[in-house]
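S.K.: give me a model of this one.
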Amino acid sequence: MKKISIGIFLLAGSIFASAQLQNSGFEKTENNYPSDWSHKVLDPYEMKYDSEVKHSGNGSLQIFGKQDHVNELQTFSQKVKIPGKGLRKVEIGAFIKSANIQGNISLWAQVWDGKNTMVDFGNSFSQNRKIVQNEDWKKYTLEFILNDQADYFVLGGFLKGSGKIWFDDFSVTEIPFSDKEASKTALKYINQFKNIVKKNSIFKDKIDWSSLDNNLQKLSGGMVTEEDTAPAIQHIIKMLRAAGDNHSFVDNKQYAEEKKSTKSSPIEPEYKLLDQKIGYIMVPAFSSLNKEVGNAFAEKIQGMIKKLDSENTLKGWIVDLRSNTGGNMYPMITGLGPLTGEGALGYFTKDGKSKSAWKYKDGSMYSVSVSKPYTLHDQNPKIAVLIGPMTASSGEATTISFIGKKNVKTFGQPSAGLTSANQGYELSDGRTLYLAVSYEMDRTGKEYKEGIQPDIMITTSEDKNADAVLQKATEWIME
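M.R.: Presented below is the predicted three-dimensional model:
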């Protein structure tokens, strides 16, 4: 009886695939290109139906890249409706062959809801299912856990670089959850992760924990090791996303260890003198958690400020945070301490009432410090802070550290909207969960939950050689 039920389920999965995916084997063509698949051929690529090379049937889809080191991806895709209800595990598969590849190749898929909002994404790299290059036909897969929110896939493949790659026999198949009990090791790890979120997340009250527990019970079936728990952990993260948390994430063990080491090589801050009267400082993202590396980064920024201020008579400052995607806020803000001033620069808050300040004083902030903190000649200069959609997370906290200070204005476009503070929780396998545990508030008490709106909104100039944001900030300082 058990064998019969499994056979029926696999047959249902087969119907799932064939009823939704069109021209899965690239048999139908139009103008030498497989029909039902969207594409736009980019230079330096060629893409066509190939009747000479195939896994099965009459032919396959071939992509040919003519040169290495290109920025563009040559992709193709198809929109596939997702039927069914409830929690489901769905596998996207394709047979792939490649030759003379210099670059990257991948399967990819997006999951969209009924409101045309992308709710999930994965590719061969993000799911750690990398495609072996320059080998004969082999099946590769992606796996997604779907709920009722999922409405359709957009799926396909890509080549970035040179060489030839062939795709054939795509499939979309529902995979049954295992009915075996999870091991104690797997359950302990899942519960550790879930309980951290349940206790500390600022979005915990927006999650249906009873429903989540039922889903985790289904997902965990057959899991043995901590590594096996990845789908369950991803499901918890997905529930956080659905609750409004776009900031929490998990670092793997290697990356978590690299952040703590002295080996990291942060992007360098930049400085220059504008119009002989304005000090310009660009502060990039900074991810290291190593105290020595953090102190050096802060020292470097303060050294730049000191050089500009001591060698020139300045009318004001421009702090450019438009490329600052976040990381560790403390070295950034400590470095900018001469400009932010001392005292409480902002606050962490869970409820908008109780709050905890982040402070800069005597060249120190939290565990970061500079040996000889610098003090500006002019204690109250004009400061223009430049922000945009890439200003995120700690980049936004750095921005908030200026807001409310006299003679400060923000210029540009709205920030990314990751104005929550993440706390790190080390997991038993060496990975680290960075969980959003509080919102951020400026020195005046204004709370930020949806990013920062600039004081002076400036649309991007169509002239790539013109920096409209920088120009407007300069004009304000020179008034």
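S.K.: for Phe144, pull up the helix or strand it's in.
M.R.: Taking DSSP states H and E as the criterion, Phe144 maps to strand 138-146.
S.K.: try Val469
M.R.: Counting by DSSP H and E, Val469 is part of helix 468-478.
S.K.: buried stuff in that helix?
M.R.: Burial within helix 468-478, assessed by neighbour count using 16 or more other Cβ atoms under 10 Å, is assigned to Val469, Leu470, Lys472, Ala473, Thr474, Trp476, Ile477. The way it works is simple: take the backbone N, C-alpha and C, and place the C-beta from them, glycine included.
S.K.: now do the same contact list for the third one.
M.R.: Contacts for Lys472 (Cβ atoms under 8 Å, 6 or more residues apart in numbering) come out as Phe411, Ile456, Ile458.
S.K.: got it, and the last one?
M.R.: Residues near Ile477 by Cβ under 8 Å, 6+ apart: Lys277, Ile278, Lys315, Gly316, Trp317, Ile318, Lys382, Ala384.
S.K.: what about the second one, how many neighbours?
M.R.: What that stands for is Ile278. Using other Cβ atoms under 10 Å, Ile278 has 23 neighbouring residues.
S.K.: surely Ser98 touches Phe167?
M.R.: No. Counting by Cβ atoms under 8 Å, Ser98 does not reach Phe167; the two are 9.8 Å apart.
S.K.: and these two? Which one has more around it.
M.R.: Shown here are Ser98 and Phe167; by other Cβ under 10 Å, Phe167 has more neighbours (27 against 21).
S.K.: ok so that one is a helix residue?
M.R.: No. If the criterion is DSSP: H, G, I helix; E, B strand; the rest coil, then Phe167 is strand and not within a helix.
S.K.: where is the longest helix in the chain?
M.R.: helix 291-311 (DSSP state H).
S.K.: partner strands of the following helix or strand past that one, with direction?
M.R.: Helices and strands here follow DSSP H and E; after helix 291-311, the next one along the chain is strand 316-320. Strand 316-320 pairs in its sheet with strand 278-282 (parallel), strand 382-387 (parallel), by DSSP bridges.
S.K.: selecting buried members of the contacts of Lys472 in PyMOL, what would you type?
M.R.: Of the contacts of Lys472, the buried ones can be selected in PyMOL as follows, counting by 16+ other Cβ under 10 Å:
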select buried, resi 411+458
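S.K.: now, the contacts of Lys472 that are in strands?
M.R.: Judged by DSSP state E, the contacts of Lys472 include Phe411, Ile456 as members of strands.
S.K.: can you list the contacts of Lys472 in TSV and add pLDDT?
M.R.: Shown next, in TSV, are the contacts of Lys472 (pLDDT from 0 to 100):
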residue	pLDDT
Phe411	98
Ile456	97
Ile458	94
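S.K.: could I get the contacts of Lys472 in CSV, plus columns for distance to Leu345?
M.R.: Below are the contacts of Lys472 laid out as CSV (distance: Cβ to Cβ, whole Å):
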residue, distance to Leu345
Phe411, 19
Ile456, 21
Ile458, 25
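S.K.: which residue ranges form the helices in the stretch 151-300 of the chain?
M.R.: With helices called from DSSP state H, counting those that start in this stretch, the stretch 151-300 of the chain shows them at 184-200, 209-219, 230-242, 253-260, 291-311.
S.K.: quick check: which element contains Pro454?
M.R.: Pro454 belongs to no helix or strand, assigned by DSSP H and E.
S.K.: pretty sure it contacts Ile387?
M.R.: Yes. Shown here, Pro454 and Ile387 form a contact pair, counting by Cβ under 8 Å, at 5.8 Å.
S.K.: what's the overlap in contacts for those two?
M.R.: With Cβ under 8 Å, 6+ apart as the test, Pro454 and Ile387 both reach Thr410, Phe411, Gly412, Gln413, Pro414.
S.K.: residue contacts, the closest residue to the first one other than its chain neighbours?
M.R.: Think Thr410. Spatially, and ignoring its direct neighbours in sequence, Thr410 is nearest to Pro454 (4.3 Å; Cβ to Cβ, 6 or more residues apart in numbering). With contacts taken as Cβ under 8 Å, 6+ apart, Pro454 has the following neighbours: Ile387, Thr410, Phe411, Gly412, Gln413, Pro414.
S.K.: confirm the last one sits in a strand?
M.R.: Right, the one you point to is Pro414. No. Pro414 sits outside any strand when classified using three-state DSSP, being coil.
S.K.: so how far is Ala392 from it?
M.R.: Per Cβ to Cβ, to the nearest Å, Pro414 is found 11 Å from Ala392.
S.K.: list the contacts of stretch 197-210.
M.R.: 236, 239-240, 243-245, 248, 350, 420, 423, 425, 433, 435-439.
S.K.: one more time with 10 Å, if that's ok
M.R.: In this structure, residues lying in contact with stretch 197-210 by Cβ atoms under 10 Å, 6 or more residues apart in numbering are 191, 194, 212, 214-215, 236-237, 239-245, 247-248, 349-351, 420-421, 423, 425, 433, 435-439, 449.
S.K.: now those residues: which count as buried?
M.R.: 194, 212, 215, 236-237, 239-240, 242-243, 245, 247-248, 349, 420-421, 425, 433, 435-439.
S.K.: which stretch among the strands paired with strand 316-320 comes nearest Ile175?
M.R.: Of all the strands paired with strand 316-320, strand 382-387 sits nearest to Ile175, with 44.2 Å by Cβ to Cβ.
S.K.: please state the offset of the closest one from the chain centre?
M.R.: 26 Å (Cα atoms, centre = their mean, to the nearest Å).
S.K.: quick check: what element follows that strand along the chain?
M.R.: Sequence-wise, the next helix or strand downstream of strand 382-387 (DSSP H and E) is helix 394-400.
S.K.: pick out whichever of Pro414 and Ala392 has more residues nearby.
M.R.: Ala392 (24 against 15).
S.K.: could you find the closest non-adjacent residue to the more buried one?
M.R.: Excluding its sequence neighbours, the residue lying closest to Ala392 (Cβ to Cβ, 6+ apart) is Ala416, at 3.5 Å.
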